[in-house]
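[1] only geometry, no sequence info:
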């Protein structure tokens, strides 16, 4: 992350008495702590005179324009034009329309044109006879600092940019698509890492756009809450209290508690519990440590209490979770064709 970019956005303006943005060092740590998960991909293929209408869904979507120029309309927002090489992060719960130009002669609904292609990749084809000019890779993602706390829940406007580092971004999206179609050991971890890198490229390309209300993660607008979140995530097993976290935030207890709930949607102590459970879930899946030792390591006083909260949070006992995750098949593939080349054949 370029420090000069963060300085431009997040450091205090010397001409103003206050700034809502956190210092560059805190922004770096917050973005570094983000948990980015790539969950599904699809290819949208659109004719120049056609439009594809996609209904509102409760997930964040990220789009990368592979070919052509996409004309995008999102409910409640000004139309957006995204040329090839653009990344677009779309808010939750808003319908959107992808088109080849401003005025179209044909409109397709996603439900009508959705179909499964080779290697179990979903396609949405808004093109009669298979002729298209715009090709867009769409991904469903989750972005959070702790499980189920989505950093971008408050996003109401699309964030769009055509990064300068286009070669890297295109290669990263192609690799993510390949990993989603030809899964091997480590595919999910690699896809998550690449998706986070692309998201950082998007956010740093034109950080000035994040000054607009509704176009920035709310946690970046509240440095005190950000500092407390970093304190929790860096040491989840520590005995955190509202008072100690308010002190880390340099805020009064009442002001801190109110701001924390407004930003994260949960109380500070419940966030601590969720952070501990998320850390424990990772350890259960990735290590051979006993459930009791993991519970202690993340800050729970007893295994029974830990197991109860784990079951409440994830719907199954920690032991059952470990067994299920280790029983997942891990298919291999010997020298598969690249996903984008295969896309041409579907």
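    Nice, thanks for sending it over. Keep in mind the model is a prediction, meaning the values are calculated, not measured. Residues are numbered from 1 along each chain as shown.

[2] any weak-confidence spans in the stretch 51-200 of the chain?
    144-154 (pLDDT under 70).

[3] any idea where the strands of it begin and end?
    Secondary structure of the stretch 51-200 of the chain (DSSP state E, counting those that start in this stretch): strands at 60-67, 70-74, 80-82, 87-90, 96-99, 106-109, 114-116, 122-126, 134-146, 149-150, 159-161.

[4] quick one, what contacts residue 96?
    Residue 96 makes contacts with 53-54, 72-75, 90, as judged by CB atoms under 8 Å, 6 or more residues apart in numbering. To be clear about C-beta, it is placed using only N, CA and C from the backbone, and glycine gets the same treatment.

[5] make that residue 115, sorry
    Contacts of residue 115 by CB under 8 Å, 6+ apart are 122-123, 125.

[6] Can you give me the buried ones in stretch 92-99?
    For stretch 92-99, the neighbour count (16 or more other CB atoms under 10 Å) marks 92, 94, 96-99 as buried.

[7] Now tabulate the residues you listed in JSON lines and tack on distance to residue 65.
    Converted to JSON lines, the buried residues of stretch 92-99 look like this (distance: CB to CB, whole Å):
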{"residue": "92", "distance to residue 65": "21"}
{"residue": "94", "distance to residue 65": "19"}
{"residue": "96", "distance to residue 65": "14"}
{"residue": "97", "distance to residue 65": "15"}
{"residue": "98", "distance to residue 65": "10"}
{"residue": "99", "distance to residue 65": "13"}
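
[8] State the pair within these that is farthest apart.
    Pairwise distances across the buried residues of stretch 92-99 (CB to CB) peak at 21.4 Å, for the pair 92 and 99.

[9] And the helices in the chain?
    3-10, 24-33, 110-113, 166-181, 187-205, 223-234, 242-249, 253-264, 268-286, 291-297, 303-314, 318-327, 339-345 (DSSP state H).

[10] Select, out of these, the one closest to residue 63.
    Closest to residue 63 of the helices of the chain is helix 166-181 (CB to CB; 9.8 Å).

[11] okay, the angle between the closest one and strand 60-67?
    Counting by axes from the mean of the first three to the mean of the last three CA atoms, to 10 degrees, helix 166-181 points 120 degrees away from the direction of strand 60-67.

[12] Most tightly packed of the helices of the chain?
    Highest mean neighbour count among the helices of the chain (mean count of other CB atoms under 10 Å): helix 223-234, with a mean of 22.

[13] what's the angle from it to helix 242-249?
    Using the same axes, to 10 degrees: helix 223-234 against helix 242-249 is 110 degrees.

[14] so how far is helix 223-234 from its chain's centroid?
    19 Å (CA atoms, centre = their mean, to the nearest Å).

[15] cool, stretch 287-294 as well?
    29 Å.

[16] ok, back up a step: dump the helices of the chain to TSV, plus distance to residue 64.
    Shown next, in TSV, are the helices of the chain (distance: least, CB to CB, whole Å):
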stretch	distance to residue 64
helix 3-10	21
helix 24-33	20
helix 110-113	18
helix 166-181	5
helix 187-205	8
helix 223-234	28
helix 242-249	36
helix 253-264	29
helix 268-286	28
helix 291-297	37
helix 303-314	31
helix 318-327	29
helix 339-345	11
